[in-house]
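**Student:** Following is a predicted model, sequence given first.
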Amino acid sequence: MSTTSPLPVGVFSNTTDLCQPEGMGSSGNLSDSICAPHTARENHEVLLVMFIAQVLLGIGGVPIQPFGISYIDDFASERNSPLYLGILFSLTVVGPGVGFMLGSGMLRFYVDIDKVAGDEVLLTNKDPRWVGAWWLGFLVAASLVAVSAVPYFFFPREMPKEVTSGKEISSKKSKDELLRQLRSRSEHVQNLSLLQFIKYFPVVLLRNLRHPVYLLVVLAQVNLSAMVAGLATFMGKFLERQFSLTASFANMIIGSVNIPGAMVGIVVGGAILKRFQMSLKQCSAMCVFGMLLCLILAFPLVFLGCPTQKVAGVTYRESSEFGRYASECSIQCNCPKKAYNPICGSDGIEYISPCYAGCSSVSTANNSVLNYTNCICISENGLVGSAKSGTCGTSCSHLLLPFVVLSCLAGILASTSHTPSFMLILRSIQPEDKSFAVGIQFMLLRVLAWMPGPVLYGSAIDTTCILWENKCDRKASCRYYDNNLFRQRYLGLQFFFEVGAFLCFVMVYMILRRQEKDASNVAETTTDPEKKKLAENSKKSPESKV
C-alpha cells in the first residue's frame, strides 16, 4: 500500500520524503527548531558536565596508573615485577574491550528509549539515520566503577615486600646496603610536604627529560598512544564506512577481536621478560623487533578496503550524462535540500532520498518499508524502476576478514613492546624518581597524544568528506566519504605513528648498546680498581636487569 502518514514527534520515518510534484515537498525530519538559542545553551551545559566527568575520571585513575605501576614494581620481586605489570596493563585494556562490547549492545536500542516506545520507532539499526542509546553505557560503566572502588578501602597502609626465591636471596645479600640506601631516598621523597614537592618537581622533571633513554621511550609511547587514540575513536566509523557495517557490529568486532589481541600481546611481553630476565638492551631489542613485525603486517591494510559507492548527485555529478538526467528528473519532485533517507535503486545506484529518485509510492508492512515503487528517475530495462530502503552497501565484504585478522596480529605485535617499554623507564631512571617519572610520562602522553590525537585524526577524516549535512548553516555530520581517501589518510596516520615509535626504539637500542660497550671497554682497559669495580657494578646492578 502507499502511505505518507505522520510520525510520532522526534522519530524518523522511511515512508516520507516521497516525490510530490504538486506539493511543497516533504518535510520529514527537517525542522529547524534545533537552531533555537536555548538549545545551543543546553548543549554547552551538557559539554560542561562531560568535561567535569572526564576530570573526575582522570583523578580517580591516578592510584592505578601511574602510581600503581611504581607501587607494584616496589613491592613485587624483581623477577615477577614484569609479569605483574603485564597483567596490570592487560587488565586496563579490559575496560575499553568491555566498553566496545557494551556499546555494541546499547547501540541496538534507539537513543530515546526512555521517551519513545519500541514499536513507535520506524527505523532499524541498519539505517544510516539511526542513533543508538550511547548514554546507557555511561550509566552501566559508572555503576561498575563505583562497585570496583570499594575493595580499595580495605587495603593496608603499607604492603610487605614479596618473598623472593632462595637463589635471589643469596644474590641479594651483597646488594642489601644499596637497596637500603635506595629505600631511604625513596622514603625521603615520599615524605615531602606539598610546598617541598612543588619546589622539587621542576628539578625531577628536568633531570628525567635530559635522560635520553627516558625521553626516547616516552616519545615512542606518545606515538603508540596517538595510534591507539585514533583506533579507539574512529575505528568503528572506519569499519562502518569501508565495509558497510552497522555501528553495533563494528563495535563488536573491536571489542571482541582487536582489544583481546592487545591484551594477549601485553601479557606475552611481560611473560617473556619474566622468563628470560632480559637486560635493558634486550628489552629495547624486543621493542624494535615487535614494532618491525607490526609495520610489516600493517602496511597491506592500506590496500584492503572498498571503493566509494555510486550515489546519484554525489559521485555521479551533473557533468556526467546520468548525473544530468538524475538532476533534471528530480526537479519536478520539489525535493527539500536537507532530505536524507538513502535508498538503493534497482539500477544498483544509491539515491540520497526516495524523492531524488522520483519515487511516488511505498509498500510497507508492520511499520517497515518493503519497497519504493514508481521511481521515475530509476530506469531498469527501459521501465520505471524501484528501490529498497537503506544504502546499496559495498561489494567487497570478503575483504573484512583479512583486514580484521591483519589488524589484530599487528596490534598483538605492537602490544608486546608495552611492558618492556615501561621496564626501560623504571630501570633507567633513579629509583627515588620512579613515581614522579611515571607521572610525568602519563602527563606527556595525555598532552602530546590523547588530547591532540583524536583532533588530528578527525581533521584528516573530515578532509575526505564529499557530502556534508548542514544544520543551522553549519557543517554537522558527513553523509558520504571518499572511501579510498578515508582509508589512505586514516591508516596512513596509523602507519606514520608506528614508524615514529619504531625509530625511537631503534635509537634507544643504539644508546643502550653504546653504553654497554663503553662499560665493557672501561672494565677491560682501566687500571684503576675503583673505576673497574664501578664499571662492573654498572653491568651487574639491579637496574641492568628487568
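**Tutor:** Arrived safely, thanks for sending. Residues are numbered from 1 along each chain as shown.
**Student:** Let me know how buried L209 is, in neighbour terms.
**Tutor:** L209 is flanked by 14 other residues according to other CB atoms under 10 Å. All C-beta atoms are positioned from the backbone trio N, CA, C, and that covers glycine.
**Student:** Remind me what the lengthiest helix in the chain packs against, helices and strands.
**Tutor:** As assigned by DSSP state H, the longest helix anywhere in the chain is helix 483-525. Applying 3 or more CB pairs under 8 Å, 6 or more residues apart in numbering; DSSP states H and E, one finds that helix 483-525 contacts helix 212-243, helix 280-298, helix 452-462, helix 529-540.
**Student:** what number of residues lie near T364?
**Tutor:** 18.
**Student:** same question, A142
**Tutor:** Using other CB under 10 Å, A142 has 12 neighbouring residues.
**Student:** In contact with it, which residues?
**Tutor:** For A142, the contact set (CB atoms under 8 Å, 6 or more residues apart in numbering) is empty.
**Student:** Spatially nearest residue to the residue nearest the centre of the chain (excluding sequence neighbours)?
**Tutor:** Centroid check for the chain by CA atoms, centre = their mean gives A232 as the closest residue, at 1.3 Å. Closest residue to A232 apart from its sequence neighbours, by CB to CB, 6 or more residues apart in numbering: P96 at 6.3 Å.
**Student:** Phi and psi next, for the one you found.
**Tutor:** phi -60, psi -40 (degrees, to the nearest 10).
**Student:** returning to what we had before: adding distance to L91 as columns, could you present the helices and strands packed on helix 483-525 in TSV?
**Tutor:** Output for these, formatted as TSV (distance: least, CB to CB, whole Å):
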stretch	distance to L91
helix 212-243	16
helix 280-298	20
helix 452-462	23
helix 529-540	33
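**Student:** In this structure P300 contacts F403, no?
**Tutor:** No. Contact criterion CB atoms under 8 Å: P300 and F403 do not qualify, at 9.1 Å.
**Student:** Among these two, which residue is more densely surrounded?
**Tutor:** Higher neighbour count among P300 and F403: F403, with 22 against 13, using other CB under 10 Å.
**Student:** Note down every partner strand of the longest strand belonging to the chain and its orientation.
**Tutor:** Looking across the chain with DSSP state E, the single longest strand is strand 368-380. Strand pairing for strand 368-380, determined by DSSP bridges: strand 359-365 (antiparallel), strand 383-389 (antiparallel).
**Student:** Let's verify A357: helix, strand, or coil?
**Tutor:** Per DSSP: H, G, I helix; E, B strand; the rest coil, the local secondary structure of A357 is coil.
**Student:** Adjacent strands (with direction) for the helix or strand hosting S477?
**Tutor:** Assigned by DSSP states H and E, S477 belongs to strand 474-481. When pairing is defined by DSSP bridges, strand 474-481 lines up against strand 465-471 (antiparallel).
**Student:** Which pLDDT value belongs to the residue nearest to the centre of the chain?
**Tutor:** Per-residue confidence (pLDDT) for A232: 82.
**Student:** how about I254, what does it touch?
**Tutor:** By CB under 8 Å, 6+ apart, the residues touching I254 are F100, L231, M235, G236, L239.
**Student:** if we go to 10 Å?
**Tutor:** I254 makes contacts with 96-97, 99-101, 103-104, 231-232, 235-236, 239, 404, 407, as judged by CB atoms under 10 Å, 6 or more residues apart in numbering.
**Student:** Is it possible to get CSV of those residues that adds distance to V116?
**Tutor:** Listed next are these as CSV, based on distance: CB to CB, whole Å:
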residue, distance to V116
P96, 30
G97, 31
G99, 25
F100, 26
M101, 25
G103, 20
S104, 21
L231, 33
A232, 30
M235, 30
G236, 24
L239, 28
V404, 34
S407, 37
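**Student:** between the residues you listed, which is nearest S417?
**Tutor:** The shortest gap between S417 and any of the contacts of I254 belongs to L231, at 15.7 Å (CB to CB).
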